[in-house]
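S.K.: No letters, just coordinates:
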């Protein structure tokens with residue numbers, strides 16, 4: 001048995017927002033494609049990176065090292081270091097989306113900043129799934145399409161940053177996270193994370209500031225006993241309380 005279906009109006013609104021985020025984020029793939037080819041990768045290597053790696057920050061880190069004359073292995077390690085933040089996202093999303101088996105395996109490919117942000121603010125498992133899929137799929141499709149366009153066109157299109165696409169990505173992600181800043185504790189965590197990241201940028205390798213900022217949030221989450229009021233609470237489980245959708249989904253998958 002799956003979670004209750006969403007009202008059509010709510011589903012439409014979530015999907016619309018997910019596609020909008022996908023357009024804003026995916027379009028910047030043109031920049032990655034153009035810069036990757038300029039850094040020495042060919043069109044097929046560039047497209048495979050977006051298809052298989054699919055985490056923009058790590059992809060830019062890799063080609064940044066290669067373009068600067070660094071060893072490909074060093075670039076790969078830097079990209080891996082930066083991409084480990086997705087592991088933290090997965091720990092949060094696994095119980096929230098409550099998928100098992102092949103659904104979890106397929107969904108893992110779509111775990112990125114934007115799909116996570118579009119999931120954690122929802123008030124039900126069904127809404128979180130719609131937000132995750134609509135955002136993840138739209139970003140995946142448009143990012144790969146834009147990468148191919150940028151790789152083929154190369155320098156003919158110029159630097160996409162002149163069109164403001166880099167600012168659009170950051171603005172879209174900030175808008176997704178804004179509702180979580182209604183809580184004072186989250187405001188303090190965000191400020192501390194930003195301060196730690198900015199302090200480490202001049203003295204550490206790429207990826208370390210992001211991980212350190214994420215570590216601030218992780219430390220607060222582990223040590224704090226107060227639930228986050230911006231997240232939807234889990235209904236009581238057991239002892240006669242109402243059944244959680246994840247319980248029903250787990251049983252259905254086991255049949």
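M.R.: The structure has been received and is ready for your questions. Worth saying up front: this structure is predicted, and the values here are computed from it rather than measured.
S.K.: And the helices in this protein, which stretches?
M.R.: Secondary structure of the chain (DSSP state H): helices at 8-26, 29-38, 43-48, 56-67, 72-83, 85-97, 102-108, 113-120, 125-153, 165-177, 184-200, 208-223, 245-254.
S.K.: Tell me where the model's unsure across the stretch 51-200 of the chain.
M.R.: Judged by pLDDT under 70, the stretch 51-200 of the chain has its weakly predicted residues at 155-177, 179-180.
S.K.: from memory residue 224 sits against residue 188, does it?
M.R.: No. Residue 224 lies out of contact with residue 188 (C-beta atoms under 8 Å); the separation is 10.9 Å. C-beta coordinates here come from the backbone N, C-alpha and C atoms, glycine included.
S.K.: sorry, back to before: mind giving me JSON lines with the helices of the chain and columns for mean neighbour count?
M.R.: Conversion of those to JSON lines gives the following (neighbours: other C-beta atoms under 10 Å):
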{"stretch": "helix 8-26", "mean neighbour count": "18"}
{"stretch": "helix 29-38", "mean neighbour count": "23"}
{"stretch": "helix 43-48", "mean neighbour count": "16"}
{"stretch": "helix 56-67", "mean neighbour count": "21"}
{"stretch": "helix 72-83", "mean neighbour count": "17"}
{"stretch": "helix 85-97", "mean neighbour count": "17"}
{"stretch": "helix 102-108", "mean neighbour count": "13"}
{"stretch": "helix 113-120", "mean neighbour count": "24"}
{"stretch": "helix 125-153", "mean neighbour count": "22"}
{"stretch": "helix 165-177", "mean neighbour count": "15"}
{"stretch": "helix 184-200", "mean neighbour count": "14"}
{"stretch": "helix 208-223", "mean neighbour count": "15"}
{"stretch": "helix 245-254", "mean neighbour count": "15"}
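S.K.: Distance check, residue 224 against residue 194.
M.R.: 19 Å (C-beta to C-beta, to the nearest Å).
S.K.: hang on, I meant residue 29
M.R.: Applying C-beta to C-beta, one obtains 26 Å for the distance of residue 29 from residue 194.
S.K.: got it, and residue 105?
M.R.: For residue 105, the distance to residue 194 (C-beta to C-beta) stands at 34 Å.
S.K.: now residue 7
M.R.: Distance, residue 7 to residue 194, by C-beta to C-beta: 37 Å.
S.K.: just residue 75 next, same as before
M.R.: If you measure residue 75 against residue 194 using C-beta to C-beta, the figure is 26 Å.
S.K.: Same question for residue 63.
M.R.: Computed with C-beta to C-beta, the distance linking residue 63 and residue 194 is 26 Å.
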